[in-house]
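Participant: what would the 3D arrangement of this be:
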Amino acid sequence: MRPYLKMTIIFCLTLSKFTIAQQNRALYKVVKIDSVENVYTIYISRNDSIFKICSQKNGSNICNNLIVVGKHYPFILKSIVAKSINGVSLMNVNRFITAIDFYGTTIEFDTITTEKDIYISGNLKGLCFQKEPLPNYKLYGPPPSNLSTRDFIYNKVSKNVFVYNIRNASNSFNGAKPEDILEMGTEYYTSLLPDPGYGLIMSIDTMNLEYPIKNFKVYKIFINGFEYEKGQVHSKTNYLFLENNFLVAIDTSDNYPGYIKYISGQFYPTRISEDFKIDLNNPSSCLDYLKFRMYIHQVDSIKFERRVKEGLIFTGYSQTKKSKVEILLKKKDLERPIILRYPS
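Facilitator: Predicted structure coming up:
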């Protein structure tokens with residue numbers, strides 16, 4: 001009897017090999033949801049065609065829009081099967097492929113699908129349908145390079161958050177006192193940094209704010225404390241306090257691709273006052289700037305109150321504090337406006 005050879009060719013999943021299968025917002029019906037190890041496999045149909053989607057299990061149970069079998073969604077499909085390498089067609093090679101590797105999980109082709117292909121969806125995370133997916137810009141390092149917009153922001157922000165909070169931990173700020181000489185059991189930073197394989201949980205979405213420099217796109221970030229996930233396993237430390245709201249902007253032009261501005265949040269800020277053309281002699285010129293900078297406290301209805309020796313005093317209402325606030329914009333430190341007090 002002639003021996004039978006089953007061939008499995010593994011392709012690395014990189015953005016450069018994505019081919020867009022569907023760019024418009026056509027509706028697809030969810031036919032079946034299955035799973036293989038740490039990957040969901042979703043079967044969808046449109047007209048008489050059936051497609052297979054892969055989606056990593058993200059372990060998060062925070063979702064207001066889980067996909068449901070029988071319902072229709074405007075999935076944005078991208079093939080993850082390489083069609084060519086360096087301009088050389090893989091049509092003849094692909095005939096022998098029986099499976100692909102998707103983040104370490106072997107995903108086999110199905111005979112029920114219309115095409116011998118496997119997709120991901122740009123607006124699907126786990127089983128959570130995201131109505132407005134983040135646009136993918138071509139972002140560069142320093143390393144890692146060629147990340148998706150979401151991963152690029154995550155990588156930059158998480159590092160800034162970790163470094164800032166370790167450096168600035170104190171009794172008054174974070175409830176933990178850093179010591180140069182550690183006693184056993186007082187390594188406060190060990191509960192802040194994630195264990196191997198865990199990632200800081202954060203939600204990243206576009207923000208309807210127009211940055212003064214037009215090629216910068218604004219993103220809002222929500223971080224529910226130092227909470228980490230690894231697959232479906234969660235861990236959280238309550239040892240250090242972390243504000244929830246963050247705001248950043250990234251350069252989407254070809255001039256400085258991947259440049260990020262840290263606007264508001266419990267991290268090291270970027271110098272941005274010059275972008276807003278602030279003039280302390282004209283307090284109204286500071287209002288838009290303060291709206292961006294005070295996003296961490298969700299301050300709105302900002303207005304100029306008075307001048308003091310240190311700078312300018314503004315008032316507003318903080319949605320996070322649920323109270324009126326007084327904001328000091330210092331002459332000698334424009335980049336760090338601070339809340340002075342909460343007027344009654």
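
Participant: isn't there a helix covering Pro194?
Facilitator: No - read with DSSP: H, G, I helix; E, B strand; the rest coil, Pro194 is coil and lies in no helix.

Participant: could you find the closest non-adjacent residue to it?
Facilitator: Taking CB to CB, 6 or more residues apart in numbering, and ignoring the residues beside it in sequence, Pro194 has Tyr228 as its nearest neighbour in space, at 4.7 Å. From N, CA and C alone the C-beta is placed, and that goes for glycine too.

Participant: in the strand or helix carrying that neighbour, what's buried?
Facilitator: According to DSSP states H and E, Tyr228 maps onto strand 226-230. Of the residues in strand 226-230, those buried by neighbour count under the rule 16 or more other CB atoms under 10 Å are 226-229.

Participant: for burial, what's the neighbour tally of Lys120?
Facilitator: For the record, residue 120 is Ile, not Lys. Look at Ile120: counted by other CB atoms under 10 Å, it has 19 neighbours.

Participant: isn't it up against Phe51?
Facilitator: No - contact between Ile120 and Phe51 fails when scored by CB atoms under 8 Å: they sit 10.9 Å apart.

Participant: do you know the pLDDT at the closest residue to Pro269 other than its chain neighbours?
Facilitator: Distance criterion CB to CB, 6+ apart; nearest residue to Pro269, sequence neighbours excluded, is Tyr262 at 5.2 Å. The pLDDT attached to Tyr262 in the predicted structure is 96.

Participant: with just CA atoms, put the helix or strand that contains Tyr262 into CSV.
Facilitator: Element membership for Tyr262 (DSSP H and E) is strand 260-264. What follows is strand 260-264, C-alpha atoms only, in CSV (Å, rounded to 0.1, in the frame of the first residue of the first chain):
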residue,chain,number,x,y,z
ILE,A,260,3.3,59.2,20.2
LYS,A,261,2.3,62.1,22.5
TYR,A,262,1.3,61.2,26.1
ILE,A,263,-1.4,63.8,26.8
SER,A,264,-3.2,62.8,30.0
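
Participant: in it, which residues are buried?
Facilitator: Those would be 260-264, for strand 260-264 by 16+ other CB under 10 Å.

Participant: who are the contact partners of Met294?
Facilitator: Residues near Met294 by CB atoms under 8 Å, 6 or more residues apart in numbering: 264, 302, 316, 318, 327, 337, 339.

Participant: how many other residues sit next to the closest residue to Thr320 other than its chain neighbours?
Facilitator: With sequence-adjacent residues excluded and distances taken as CB to CB, 6+ apart, Thr320 is closest to Gln298, at 4.8 Å. By other CB under 10 Å, 16 other residues sit near Gln298.

Participant: surely Gln298 meets Asn245?
Facilitator: Yes - look at Gln298 against Asn245 with CB under 8 Å: they come within range, at 6.2 Å.

Participant: quick one: the residue nearest to Thr320 from Tyr289, how far?
Facilitator: As judged by CB to CB, to the nearest Å, Gln298 and Tyr289 stand 16 Å apart.
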